[in-house]
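Enquirer: Would you be able to build a 3D model of this:
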Amino acid sequence: MPIKRKTKKSWIAGLILGSILLNIGISQAASSAGLALYLDSIGTVIASIFGGFLPGILVGFITNLIKTIFDPSSIYYGLINVLIAVFAAFFASHGWFKSILKIFVPIVATGIFVGGLSSILTWALYGFATEGISAELASTIYNNTFFSMFGSQLSADILIDLVDKLITFYVAFAIYKLIPKKISENFTLTNWQQDPLSQEMLRIARTMSVRSLSLRVKIIIVLVPSMFLIAIASTLISYGIYVNMTVDDRKELATTIADLESAVINPDRVDEYIEKGKNAPGYRDIEQKLTTIRESSDDIEYVYIYRILEDGYHVVFDLDTPELKGAAPGDIVAVEESFKPYMNELLEGKEIEPLIYEDRYGWLMTVYKPIYDSNGKCQCYACVDVSMDKLYGNGTIFLAKLFSLFFGLFILILAVGLWLTKYHIIFPVNTISYSVSHFAHENAQAMEEQVKEIHKLAIGTGDEVENLYHAVSKLADDDLQYSLDIQRKNEVIMQMQSGLIIILADLVESRDKCTGDHVRKTAAYVKIIMRQMKILNIYADQLTDEFVRNVGDSAPLHDVGKIHVPDAILNKAGRLTDEEFTIMKEHTTAGAEILDRAIELVPDTGYLREAKNLALYHHEKWNGTGYPMGLSGEDIPLSARIMAVADVFDALVSKRSYKEGMPFEKAMSIITEGAGSHFDAEIVRAFESAEEEVREVSLMHMDQSAGGLII
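Expert: Below is the predicted model of the structure:
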């Protein structure tokens, strides 16, 4: 008996919460013990094994969000824990957690892939490890192999992660085996918007074929690229914002430093500084102040003051240029290529925008601030170079962080989307489709059961799928009522048809004062023979329900052609002459002609076609000596071969005006003797095996008003 949905939700919530606490508790214990292992994904693996993809991913992602409280960098490893959940859920769903040996495959696969990705992420964030077991192992590998520093670090991290996953997966495996199946079944995360499906129906709903792409695949095709593009676009936009903010920050720093430079120098004494250099009064004091300004930030590369003239840069102060180390003020520095386009503005003492360029001194941002004397003339420029190299390094770290955050969240959203799609669209639509496609119109009882099954689905998605379900349910109800109405009318028609056939047969028989209950008894024998043939599996491929019904209904018409035989011949007491017998034999073809005309009026009536076969061929013999066509063997229609046995037997045991009825045993022996010559031996075998039923019919006479049998 399935548990209630609220109770099941409580089990699942308990699984997720317990797994998160297990992750955090064990990882904190491992960290406090100084272990080199993280052990922060045991709960993730447990949630994935029991609950599937979504619970595992939720546990992995939330675990790292909570760990951010203790270690802010944990947020960037959310992707790693999410991928562990994906691997664990995948391998669990494919039976890799069934035995202690098979579980080794998920351990190796997860350790190599996830451990490798974690190592790459760590390298991008922090570079080569400098402390801990990972750093020691990486150094050992680097010093004793041909691996690069990155390769050594990657190998060390994968080896450590394999040990981590070995412990993680086997602990999870032990818990999985300890929990009884009755309890573990409650942990599967479902979101049924209908009556929960059986395992067989689940299999059908998952594997139903489609003409091109399934709805699930189409949703994935739309969802995955869309989310991927959103992630890429968000990453690029965020990175662009980061770069712009970094550039603005460097620009503000460089401008501030240039302002400080200009504040410590007296522009009216620039000529004196150039002429006397360090011997000029206050020169060394200014140089010291510039040094202090330069050392105020690690991002400042060069601080200098130049006078810019036609022949180049004339040094006033230069603290850091390696080529000018020890050179006296007043030396001339060649104009860098990056500044040549701005020389006119610089010569005129104008301020130019900060320049970002890369030359022999590195990737720099340079700010030139004009310094004006008391007369408003530009005497020199306060110059500062700020390094932009950190933009590369920090940009790489920033991208790595964005990648981890976005794609961890991407996998979580994808899992939620596919989970909701499965229970809100895929299963409801597939169960509706299956129920409708297997609707049986030929059987009213089966239809009623299938309509009940459709109503039992109780799809309640609250959207267009639910509207479709209600429309299909109503259609099924209407179809059932219509089919029941048709069935009732068909039954009335069939009763009328049977009555008309009996009346027609009675009209023909009433002219033959010798045959008595012949048409009814032969019809009864035919039904007995066919029933016994089905039991003995004789001509089973031909004895369909429709065939049996048509032959049984049309059997009374086998002698309808006698209506064309003159009364004198039909009721002659003595033996017929050859000429009379020839006329009598024509009742077969006459009957076929009568039924042909009926078939022209009602062409799709199966029982009329069988009635024609019976009328035309019931006097054919297995050995080909019968009439009117002289057919033999299986060329004679099966219905006619059956009727031949019934017709001859009834003629033998019945009393006629020209003879007495033959004893039952004698008549049976004649039928047996005729097997393989007059009759189909297989049909005779079925007839003999139903001897007791045949005897009962032979002793009865028929109620002509009701068509029943009366002792």
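
Enquirer: would you list every one of the helices in the stretch 251-400 of the chain?
Expert: If DSSP state H, counting those that start in this stretch is used as the criterion, the helices of the stretch 251-400 of the chain fall at 270-276, 283-294, 343-347, 389-421.

Enquirer: chain center to the last one, what's the gap?
Expert: A distance of 25 Å separates the centroid of the chain from that of helix 389-421, by CA atoms, centre = their mean, to the nearest Å.

Enquirer: quick one: the helix or strand following it to helix 389-421, angle?
Expert: The helix or strand immediately downstream of helix 389-421 is helix 427-437, counting by DSSP states H and E. Going by axes from the mean of the first three to the mean of the last three CA atoms, to 10 degrees, helix 427-437 is angled at 30 degrees with respect to helix 389-421.

Enquirer: And helix 427-437, how far out from the chain middle?
Expert: 15 Å.

Enquirer: and if you look at stretch 104-121?
Expert: Taking mean C-alpha positions (CA atoms, centre = their mean), stretch 104-121 and its chain are 26 Å apart.

Enquirer: Show me the residue sitting in the middle of this protein in space.
Expert: Residue closest to the mean C-alpha point of the chain, counted by CA atoms, centre = their mean, is R216 at 5.0 Å.

Enquirer: I'd assumed Y423 was in contact with that one.
Expert: No: using CB atoms under 8 Å as the test, R216 is too far from Y423 to be in contact (11.9 Å). (Each C-beta comes from the backbone N, C-alpha and C, glycine too.)

Enquirer: Quick one: the helices of the stretch 251-400 of the chain as a markdown table, columns for distance to D647 and mean pLDDT too.
Expert: Converted to a markdown table, the helices of the stretch 251-400 of the chain look like this (distance: least, CB to CB, whole Å; pLDDT from 0 to 100):
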| stretch | distance to D647 | mean pLDDT |
| --- | --- | --- |
| helix 270-276 | 139 | 92 |
| helix 283-294 | 126 | 92 |
| helix 343-347 | 124 | 93 |
| helix 389-421 | 67 | 78 |
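
Enquirer: Ok, which of the ones you listed comes nearest E136?
Expert: Comparison of the helices of the stretch 251-400 of the chain against E136 by CB to CB identifies helix 389-421 as nearest, at 24.1 Å.

Enquirer: Quick check: buried residues in that closest one?
Expert: Neighbour counts over helix 389-421 (16 or more other CB atoms under 10 Å) mark 391, 397-412, 414-415, 417-419, 421 as buried.

Enquirer: now stretch 549-564
Expert: 550-564.

Enquirer: Between all of those, which two are separated the most?
Expert: Farthest pair in those, by CB to CB: G552 and H564, 25.2 Å.

Enquirer: residue ranges with poor pLDDT in the stretch 51-200 of the chain?
Expert: Segments of the stretch 51-200 of the chain classed as low confidence (criterion: pLDDT under 70) are 129-131.

Enquirer: can you give me the helices for it?
Expert: Listed in chain order, the helices of the stretch 51-200 of the chain (DSSP H, counting those that start in this stretch) span 53-67, 78-93, 104-126, 132-144, 149-178, 181-184, 199-207.

Enquirer: Tabulate those in JSON lines, adding columns for mean neighbour count and distance to L39.
Expert: Listed next are these as JSON lines, based on neighbours: other CB atoms under 10 Å; distance: least, CB to CB, whole Å:
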{"stretch": "helix 53-67", "mean neighbour count": "25", "distance to L39": "12"}
{"stretch": "helix 78-93", "mean neighbour count": "24", "distance to L39": "12"}
{"stretch": "helix 104-126", "mean neighbour count": "18", "distance to L39": "13"}
{"stretch": "helix 132-144", "mean neighbour count": "16", "distance to L39": "14"}
{"stretch": "helix 149-178", "mean neighbour count": "19", "distance to L39": "6"}
{"stretch": "helix 181-184", "mean neighbour count": "10", "distance to L39": "23"}
{"stretch": "helix 199-207", "mean neighbour count": "13", "distance to L39": "35"}
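
Enquirer: Is it possible to get a markdown table of the ones you listed that adds distance to D248?
Expert: Shown next, in a markdown table, are the helices of the stretch 51-200 of the chain (distance: least, CB to CB, whole Å):
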| stretch | distance to D248 |
| --- | --- |
| helix 53-67 | 31 |
| helix 78-93 | 30 |
| helix 104-126 | 24 |
| helix 132-144 | 37 |
| helix 149-178 | 33 |
| helix 181-184 | 56 |
| helix 199-207 | 54 |
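
Enquirer: follow-up on the earlier one: A172 is nearest to which of the helices of the stretch 251-400 of the chain?
Expert: Closest approach to A172 among the helices of the stretch 251-400 of the chain is made by helix 389-421 (19.2 Å; CB to CB).

Enquirer: May I have the distance across stretch 673-689, first residue to last?
Expert: For stretch 673-689, the first-to-last residue distance is 15 Å (CA to CA, to the nearest Å).

Enquirer: List the buried residues in that stretch.
Expert: By 16+ other CB under 10 Å, the buried positions in stretch 673-689 come out as 674-675, 678-680, 683-684, 686-687, 689.

Enquirer: which two from those residues end up farthest apart in space?
Expert: Among the buried residues of stretch 673-689, the pair separated by the greatest distance (CB to CB) is H678 and S689, at 18.6 Å.

Enquirer: Among the helices of the stretch 251-400 of the chain, which comes closest to I26?
Expert: Nearest of the helices of the stretch 251-400 of the chain (CB to CB): helix 389-421, 20.7 Å.

Enquirer: Give the other helices and strands that that closest one contacts.
Expert: Here helix 389-421 touches helix 53-67, helix 78-93, helix 104-126, helix 215-264, strand 362-372, going by 3 or more CB pairs under 8 Å, 6 or more residues apart in numbering; DSSP states H and E.

Enquirer: I'd like to know which of the ones you listed lies nearest to E579.
Expert: E579 lies closest to helix 215-264 among the helices and strands packed on helix 389-421, at 78.4 Å (CB to CB).

Enquirer: on that earlier part again, just the buried residues of stretch 673-689 now: which is nearest F147?
Expert: Closest to F147, out of all of the buried residues of stretch 673-689 and judged by CB to CB, is A686, at 85.6 Å.

Enquirer: Select, out of the helices of the stretch 51-200 of the chain, the one closest to Y242.
Expert: Among these, helix 104-126 sits nearest to Y242 (CB to CB), with 14.9 Å.

Enquirer: which intervals of the stretch 501-650 of the chain have sub-threshold pLDDT?
Expert: For the stretch 501-650 of the chain (pLDDT under 70), the answer is 501-516, 603-604.

Enquirer: Same question for the stretch 201-350 of the chain.
Expert: Residue ranges of the stretch 201-350 of the chain with pLDDT under 70: 320-327.
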